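1. Pasting a predicted model and its sequence here:
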Amino acid sequence: MHLHKKIEEMAARLRRKGRGDAGMVTSEYAMGIIAAVGFAVLLYEVVTSGQVRGELQDIVRKALSARM
């Protein structure tokens, strides 16, 4: 059997296998959105806390006052 024929057959098998469940259902999207919103809220709380806000301001202040 020629190499080209083997490659074609392998590609055909992979295409057939890939035709299963191609996407998420609505409930999976909903759970993904809920998880993303939860993570965003947690990240917002961390970033807006007093200590982190002060650290970020110090970083920005140092970056803006750096000599080039």
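-> Right, received. Where do you want to start?

2. what helices or strands is the host helix or strand of Ile34 leaning on?
-> Assignment of secondary structure by DSSP states H and E places Ile34 within helix 26-47. Judged by 3 or more CB pairs under 8 Å, 6 or more residues apart in numbering; DSSP states H and E, the packing partners of helix 26-47 are helix 50-65. All C-beta atoms are positioned from the backbone trio N, CA, C, and that covers glycine.

3. Could you check how far the helix it packs on is from the centre of its chain?
-> Offset of helix 50-65 from its chain centre (CA atoms, centre = their mean, to the nearest Å): 27 Å.

4. could you check the angle helix 26-47 makes with that helix?
-> Angle, helix 50-65 to helix 26-47, by axes from the mean of the first three to the mean of the last three CA atoms, to 10 degrees: 70 degrees.

5. still on that earlier bit, so for the helix holding Ile34, what's the average pLDDT?
-> The average of the pLDDT scores along helix 26-47 is 89.
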